[in-house]
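Trainee: A predicted structure for the sequence below; I have some questions about it.
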Amino acid sequence: MPETDRELLARIRTGDANAFEQLVERYGSRVYSTALRLTGNPQDAEEVLQDVFLTVHSKLKDLKSDTAFPSWLYRVTVNSANMKMRRDRRERALLAEEAGVQFDEHGFLLHSHAIRDWLLDEADAVLKHEAQAILAGAIAELDEKYRNVLVLCDIEGLPVKEAAEILEVSLAAAKSRLHRARLFLRHKLDDYFSERNRKWGKAG
Amino acid sequence: MIVCRELIDFLLDYLHDDLAADIRADFEKHMRLCPPCLVFLNTYRKTMSMTQDLRLSDIPEEVKQNLREFLSQRVIKA
């Protein structure tokens, strides 16, 4: 049976370097994947990855309960990525108006602003690759409070409740931010697919 | 009967199966009668699944190697 986190962490606390390497092996890809999507570039993600495991090594003794380790690790990763992104003073987007949803005075979707389904052919590798690049770029454009919850829930697959705890916000705030982040990304993808359909003369 | 604006506010709760039964029934009724909202729901879902596909299951070998070297200098020998 594989060693549990609790056993592994106990060995690390006794100064077992081999155990620490195992922990890095076990959680490295999760930290890297999260960092890559939070920072939007591989160089920053690599620095975050290194920073996170350095922090884990020095702060592990302060961790109250080992069952909380994965959540704590995500928190350390998000904090490290945020610090890095704050140094990058690009203007960050996300206002309701930018979600690209328009209603008439009665709250009905404006039909003139035709909403078309995307012709998303999964087998089309070029299309998929392009759309993914658009998406990754749009995520990096999000303001951090939206980006954090989106990456934890929709990329890392955490329940919203757990993401809210990690980010220390209320469940309602986490849900609202996640929803707005998704609307923003949907809008960006919609622009991409509309443009593509127009260019190739296909009706959407 | 709910309008499109409310329907879009409820999308997340609908997909997370978090709507009260009566609101869910209204939501589904609206969806049957409003093709633009149905398309909106579809594209919202596609956005979620495409986002999910951005998850990496592994670290590039070079990054892994750099991490090992970094940690062996900063941590393991310390």
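Mentor: Received it, and whenever you're ready, just let me know what you need. Numbering: from 1, shown residues only, chains lettered A, B, ... in the order given.
Trainee: just the helices in chain B please.
Mentor: B:4-15, B:21-33, B:35-52, B:61-71 (DSSP state H).
Trainee: residue nearest the centroid of chain A?
Mentor: For chain A, the residue sitting closest to the mean C-alpha position, by C-alpha atoms, centre = their mean, is A:Val151 at 1.5 Å.
Trainee: wait, that residue sits on A:Ala35?
Mentor: No. Using C-beta atoms under 8 Å, A:Val151 is not in contact with A:Ala35, being 9.2 Å away. Every C-beta, even on glycine, is put in place using the N, C-alpha and C of the backbone.
Trainee: what number of residues lie near the nearest residue to B:Arg24 once chain neighbours are set aside?
Mentor: Distances taken as C-beta to C-beta, 6 or more residues apart in numbering or on different chains place B:Tyr14 nearest to B:Arg24, at 6.9 Å, with adjacent residues excluded. Using other C-beta atoms under 10 Å in any protein chain shown, B:Tyr14 has 18 neighbouring residues.
Trainee: tell me the pLDDT at the residue nearest the centre of chain B?
Mentor: With distances taken as C-alpha atoms, centre = their mean, the residue of chain B nearest its centroid is B:Met48 (3.8 Å). Looking at B:Met48, its pLDDT stands at 96.
Trainee: residues in contact with it?
Mentor: Shown in contact with B:Met48 (C-beta atoms under 8 Å, 6 or more residues apart in numbering or on different chains): A:154, A:182, B:15.
Trainee: pull out the buried members of those residues.
Mentor: When the contacts of B:Met48 are checked for burial by 16 or more other C-beta atoms under 10 Å in any protein chain shown, the buried set is A:154, A:182.
Trainee: now render the contacts of B:Met48 as JSON lines, adding distance to A:Arg30 and pLDDT.
Mentor: Compiled in JSON lines, these are given as follows (distance: C-beta to C-beta, whole Å; pLDDT from 0 to 100):
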{"residue": "A:Asp154", "distance to A:Arg30": "15", "pLDDT": "97"}
{"residue": "A:Arg182", "distance to A:Arg30": "22", "pLDDT": "94"}
{"residue": "B:Leu15", "distance to A:Arg30": "24", "pLDDT": "94"}
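Trainee: my guess is the residue nearest to B:Arg24 meets B:Ala25, correct?
Mentor: No. The criterion here is C-beta under 8 Å, and B:Tyr14 misses it with B:Ala25 at 11.3 Å.
Trainee: point out where the chain drops to low pLDDT.
Mentor: In the absence of a named chain, this looks at chain A. Across chain A, residues meeting the criterion (pLDDT under 70) sit at A:1, A:88-103, A:107, A:109-115, A:119-123, A:201-204.
Trainee: to clarify, I was referring to chain B.
Mentor: Ranges of chain B meeting pLDDT under 70: B:76-78.
Trainee: mind running it again at 90?
Mentor: Residues of chain B meeting the criterion pLDDT under 90: B:1-9, B:35-36, B:39, B:56-58, B:72-78.
Trainee: so who does A:Ala140 touch?
Mentor: A:Ala140 touches A:39-41, A:147, counting by C-beta under 8 Å, 6+ apart.
Trainee: what's the most distant pair in those residues?
Mentor: By the measure C-beta to C-beta, A:Asn41 and A:Arg147 form the most distant pair in those, at 13.4 Å.
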